[in-house]
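Visitor: Whatever this is, show me its structure:
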Amino acid sequence: MVNPNASRRTERLLNLVIALSATRRWLTKEQIRRAVPQYDDCATTVAFERMFERDKEDLRELGIPLSTGGEDVLFGDEQGYRIDRDAYALPDIAFTPGELAVLSLASRVWQQASLAGPATRALVKLRSLGVEADESSLVGLEPRVRTSEPAFEPLYAAARDRAPVTFEYRRADGEPAQRAVEPWAIVSWHGRWYLVGHDRDRGASRVFRLSRIQGAVRRIGKPGSYEVPADLDPRSVVGATVRERAPQAAVLRVRSGAGLALRRRARSVEAADLGGFDEVVLDVSDVEAAADEIAGFGADVVVLEPEDLRAAVLRRLRGALAANGGGSGVPGAGAAAVQGGAA
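Guide: So this is what the prediction gives:
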């Protein structure tokens, strides 16, 4: 179990680093207290002073170059603090082609650095104090997992808060069904995301593939409504439950010069009867994951077979069209028409 005091301390130190990194000016203690939410909650100045002194030592022990100074020492300005960004930044790093390939794969999950709510509020408070914030200096402070699954973030938050949820889940036969679940953990397994949790209707633990969740994920209970099993090993649960599907051949019509990622994995690429297109054959193990990728190419890639992959791509394109008002000017409109009308 996560120690809540340790979690709050980590969040406070992160917000302090953000505040001291996002400014080119020296910040006084009072400005720091007002910028970092956890300091602003201190009941007395003495409590804040003690907490701030401990945090300064913690930052220095972590190797973070915390500097002290003032705008004009000749006039006795109050001592201020900031992080020496030149000393804090990593030196230029050179990677081999193999290392760059690994980093490229990793970036599919860790695609960007972004700020959580408390950190964003720290920046807003800095601006309200008249301190110009430089957000470019904060890149890398808090990586956030990004996925193509809309259900990921609400389910991650629900598992973190131990809040039960409900959602519509497409079964293996394609039929939708409503589920009421107590989320325990989210796991990446062989390139796909799964939710492990307690299915209230079935009274047992279940594994749900995120790509099969349709529509919104809604909370149906308060945070802390249930306990997660202490001996839970979510990866083992997913590994024991999920059976890998044997790859099947997918036949695609790909516009010349497009779909390079598909072409690299293809069994074969041959000129199609239709001018300006090639016929690409590749192996597909996960229809839903493949449909996510193929739908992103729009009208440049048309699925000829198998039918379940074709239907999955059409479902995504029609969903994108509906979400954008169904106008003919929406890219998904033409893509759906091409998919639906292909021979």
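Visitor: All the strands of the protein, residue numbers only.
Guide: With DSSP state E as the criterion, the chain has strands at 66-69, 80-83, 112-113, 143-144, 165-170, 176-189, 192-199, 204-209, 213-219, 248-255, 268-271, 277-284, 301-305.
Visitor: weakest of those strands in terms of mean pLDDT?
Guide: Mean pLDDT per stretch puts strand 112-113 lowest among the strands of the chain, at a mean of 39.
Visitor: so who does residue 67 touch?
Guide: Residue 67 makes contact with 81, 82, 83, 84, according to C-beta atoms under 8 Å, 6 or more residues apart in numbering. Where you see a C-beta, it was placed from the backbone N, CA and C, and this is true even at glycine.
Visitor: Of the strands of the chain, flag the one that's most buried.
Guide: Neighbour counts (mean count of other C-beta atoms under 10 Å) averaged over each of those peak at strand 192-199, with a mean of 23.
Visitor: List the neighbouring strands of it plus their orientation.
Guide: strand 176-189 (antiparallel), strand 204-209 (antiparallel) (DSSP bridges).
Visitor: circling back: quickly name whichever of the contacts of residue 67 is closest to residue 241.
Guide: Nearest to residue 241 among the contacts of residue 67 is residue 83, at 46.1 Å by C-beta to C-beta.
Visitor: Wait, residue 205 touches residue 185, no?
Guide: No: if you go by C-beta atoms under 8 Å, residue 205 and residue 185 don't touch, sitting 10.8 Å apart.
Visitor: So for those two, which residues contact both of them?
Guide: 196, 197.
Visitor: Not counting sequence-adjacent ones, nearest residue to residue 183?
Guide: Leaving aside its sequence neighbours, residue 183 sits nearest to residue 159 (C-beta to C-beta, 6 or more residues apart in numbering; 4.0 Å).
Visitor: could you list every residue that touches that neighbour?
Guide: 183, 184, 185, 186, 195, 197.
Visitor: Please spell out the segments of the protein that come in under the pLDDT threshold.
Guide: Applying pLDDT under 70 to the chain flags the ranges 1-7, 71-77, 88-95, 97-148, 173-174, 191, 244-245, 323-343.
Visitor: mind listing the helices in it by residue range?
Guide: Remark: helices assigned in the chain by DSSP state H are 4-21, 29-35, 37-40, 45-61, 85-88, 97-106, 117-128, 152-161, 234-241, 260-265, 287-295, 307-323, 331-341.
Visitor: by contact count, what packs against the first one?
Guide: For helix 4-21, the helices and strands in contact under the criterion 3 or more C-beta pairs under 8 Å, 6 or more residues apart in numbering; DSSP states H and E are helix 29-35, helix 37-40, helix 45-61, strand 80-83, helix 117-128.
Visitor: Could you dump those into CSV and include distance to residue 313?
Guide: Putting the helices and strands packed on helix 4-21 into CSV (distance: least, C-beta to C-beta, whole Å) gives the following:
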stretch, distance to residue 313
helix 29-35, 48
helix 37-40, 45
helix 45-61, 50
strand 80-83, 48
helix 117-128, 36
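Visitor: related to what we said a few turns ago, can I get the strands paired with strand 192-199 in TSV with distance to residue 223?
Guide: Output for these, formatted as TSV (distance: least, C-beta to C-beta, whole Å):
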stretch	distance to residue 223
strand 176-189	12
strand 204-209	20
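Visitor: Residue 248: which of those is closest?
Guide: Per C-beta to C-beta, nearest to residue 248 of these: strand 204-209, 17.5 Å.
Visitor: just how off-centre is the closest one within its chain?
Guide: In terms of C-alpha atoms, centre = their mean, to the nearest Å, the centre of strand 204-209 is found 21 Å from the chain centre.
Visitor: Kindly report the same for stretch 226-246.
Guide: 21 Å.
Visitor: Flag every buried residue along that stretch.
Guide: Buried positions in stretch 226-246, judged by neighbour count with 16 or more other C-beta atoms under 10 Å: 228, 234, 237, 238.
Visitor: Return the set of residues that bridge with the nearest residue in space to the second one that is not next to it in sequence.
Guide: Read it as residue 234. Counting by C-beta to C-beta, 6+ apart, residue 234 lies nearest to residue 185, which is 3.9 Å off, once chain neighbours are set aside. On the basis of DSSP bridges, residue 185 is bridged to residue 196.
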